[in-house]
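In: dropping a prediction and its sequence here:
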Amino acid sequence: MRRGIIIGIVSLLIIGVILGRVLRSRPAASRQGRTSPKAGGEPRLRREVETVSVEEIKLVKVIEAKRGDMQNSLSVTGTFYPWQEAKIESKVAGKIEKFLVKEGDEVEKGKPLVQLEKKERLIALAQAEASFENAEGDWKRMKELYAKRAISQQQYDKVRSGYKMAKANLDMAQAQLDNCDIRAPFSGVIVQKFRNEGEMVAQPMGMPSTPPLVVLMDISRVKVEVDIPEKRIGEVKVGQSAYVTVDGYPDKIFEGRVINVVPFVDPVSRTFKVKIEVPNEGKLLKSGMFARVKMVTKKHQNVLVVPLKAILKRGQEEVVFVVEDSLAHLRRVKTGLSDEGKIEILSGINEGDRVIIEGNYGLTEDTKVEVKASE
C-alpha cells in the first residue's frame, strides 16, 4: 500500500515537470513565430538599400568672370564751404540811403549793393575841383614864367607842389564819392543782410566795430573740407577724384577733385585737413551742408573681376569654385583691389570661367552641381 502511494506521487511530479516545460515553450515559440518574418526580411531589405546608390547634387548659382575697372577708395565725411565769401563793409562813413539787394539775390561782379548818401561828398568834390582848377591855372602860368627865367626855382616848386596837392585832394574827393556806391567784389549770392536803410555805417576810429552790410558768397563751385586720419594721408594726393553725396539729393553724385592737402596734423585728432573742389551746377550745394565723400585712392583698369562673395578662405589661401561639366572644381586665386562687393583676380582663373557665387560653402573638389536658372 505504501509502495503504491509513493509511485503515484512520483508519477504526478513527472507529469507536472513535463507540463511546465510545455507551457514555457509555447509563448517563446509564439513570439518567435510572430517575429520570424521580420527577422527573416531585414537582411533582404538591407541588401536592397545597399544596391541603390543615391548621389547628392548641390544647387549653385554662377557668374562668368569678366573684365572691368577696379578702384580702392577712402570714405569720410565733411562740410561744404563757399568757393569765396566776403563780409561787405563800407570804406567811408555815412548814412545808408538805399539797399539795392536782398537776401537770396544773385549779383554780378561790380554790381552796386548799397548806396550811401552822397550830398556831402558831392559838395566836397565840387570844392576839390575848384581848388584844382585854380592850382592848375597858377602852375601853367608859372611854368611859362619859369621857362623865361622870370621867377626863381623856389617860387616854381611851391606852385607845382600846390598843384599836386590840389590834384590829390580832387582824386580823394572823387574816391570818397565813388565809395558811396558799395559794389560786389565778385559774382555770387547775397546770403545775409545785417543793416537797414537810414543806419549810419563806418564808425569813427576807436569805436567798436559794426556788423557788415551783407555777406556775399560764390557757390558756383564749392569746397568740401574733410579730415583724413594720419595713417591714411599717404593715400591722398592733389588731383585725385572724389565723389560726394548729400542727404538733400540722395540719388545724385557730385564729382570733385582734391585741390589741397594742408601740411599740418591736428595734434588732438591726429588728422590732416583736405580740401576738395566740387562744381555746383544749378547751385544745389549750399554752404554748411553735410557731405559724404569717397576719394579714389587707387584705380586698375581692364582687370578680371568677380563678386566678393565668390572668394572663400581655406587656411591661408583664397579659393573659388568654378563649374565644368556639372562638377565643381577648386581654384586657388590671388586677389587685388576690392570695392563695393567686387574683387580683382590677379591669377587662378580665366575670363569667361563660370564662378560659383551661391552654394559654394562646404563644396569639395568634383562635387556634382546643378546651376540655378537666372532670375
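Out: Nice, thanks for sending it over.
In: list the contacts of the strand or helix carrying Ala242.
Out: Taking DSSP states H and E as the definition, one finds Ala242 inside strand 241-246. Contacting residues not belonging to strand 241-246 are listed as 80, 224, 252-258, 276, 278, 285, 289-296 [Cβ atoms under 8 Å, 6 or more residues apart in numbering]. Where you see a C-beta, it was placed from the backbone N, CA and C, and this is true even at glycine.
In: and after it, which helix or strand comes next?
Out: Next along the chain after strand 241-246, taking DSSP H and E as the criterion, comes strand 249-265.
In: tell me the mean pLDDT over the strand holding Ala242?
Out: For strand 241-246, the per-residue pLDDT values average out at 94.
In: against Glu64, how distant is Leu304?
Out: As for Leu304, its distance to Glu64 is 11 Å (criterion: Cβ to Cβ, to the nearest Å).
In: who has more neighbours, these two?
Out: In terms of neighbours (other Cβ atoms under 10 Å), Leu304 is the more surrounded of Leu304 and Glu64; the figures are 22 against 10.
In: OK, contacts around the more buried one?
Out: The neighbours of Leu304, taking Cβ under 8 Å, 6+ apart as the test, are Ala65, Lys66, Arg67, Glu344, Ile345, Leu346, Ile349, Asn350, Glu351.
In: can I get those in JSON lines with neighbour count?
Out: What follows is those, written out as JSON lines (neighbours: other Cβ atoms under 10 Å):
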{"residue": "Ala65", "neighbour count": "22"}
{"residue": "Lys66", "neighbour count": "12"}
{"residue": "Arg67", "neighbour count": "11"}
{"residue": "Glu344", "neighbour count": "20"}
{"residue": "Ile345", "neighbour count": "25"}
{"residue": "Leu346", "neighbour count": "12"}
{"residue": "Ile349", "neighbour count": "18"}
{"residue": "Asn350", "neighbour count": "11"}
{"residue": "Glu351", "neighbour count": "11"}
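In: among the residues you listed, which are in strands?
Out: Among the contacts of Leu304, the members found in strands (DSSP state E) are Lys66, Arg67, Glu344, Ile345, Leu346.
In: ok, the residues you listed vs Glu370, which is closest?
Out: Among the ones in strands among the contacts of Leu304, Lys66 lies closest to Glu370 (Cβ to Cβ), at 22.9 Å.
In: lowest average confidence, helix or strand, in this protein?
Out: None of the helices or strands of the chain scores lower by mean pLDDT, DSSP states H and E than helix 2-51, at a mean of 51.
In: doesn't Val226 make contact with Gly78?
Out: Yes - distance between Gly78 and Val226: 3.5 Å, which falls inside the contact criterion (Cβ atoms under 8 Å).
In: anything in contact with each of those two?
Out: Taking Cβ under 8 Å, 6+ apart as the criterion, Gly78 and Val226 both touch Ile276, Ala291, Val293.
In: can you tell me which of these are in helices?
Out: Among the shared contacts of Gly78 and Val226, no member falls in helices (criterion: DSSP state H).
In: any chance of these in TSV, plus neighbour count and distance to Met200?
Out: Supplementary listing: these in TSV, determined by neighbours: other Cβ atoms under 10 Å; distance: Cβ to Cβ, whole Å:
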residue	neighbour count	distance to Met200
Ile276	27	42
Ala291	23	41
Val293	24	45
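In: now those residues as CSV including distance to Gly110 and pLDDT?
Out: Compiled in CSV, the shared contacts of Gly78 and Val226 are given as follows (distance: Cβ to Cβ, whole Å; pLDDT from 0 to 100):
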residue, distance to Gly110, pLDDT
Ile276, 30, 97
Ala291, 32, 97
Val293, 35, 96
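In: what segments of the stretch 201-350 of the chain are strands?
Out: Assigned strands in the stretch 201-350 of the chain, in chain order: 214-229, 241-246, 249-265, 271-279, 290-307, 312-314, 317-324, 327-339, 342-347 (criterion: DSSP state E, counting those that start in this stretch).
In: now Glu370: how far from Leu59?
Out: Counting by Cβ to Cβ, the separation of Glu370 from Leu59 is 5 Å.
In: right, I mislabeled it, should have said Val159
Out: According to Cβ to Cβ, Val159 and Leu59 sit 109 Å apart.
In: more crowded one of these two?
Out: Neighbours were counted for Val159 and for Leu59 using other Cβ under 10 Å; Val159 has more, 20 against 10.
In: on that earlier part again, relative to Glu108, which of the strands of the stretch 201-350 of the chain is closest?
Out: Closest approach to Glu108 among these is made by strand 214-229 (11.2 Å; Cβ to Cβ).
In: nearest residue to Ile233 other than its sequence neighbours?
Out: Distances taken as Cβ to Cβ, 6 or more residues apart in numbering put Phe272 closest to Ile233, at 4.9 Å, once the chain neighbours are dropped.
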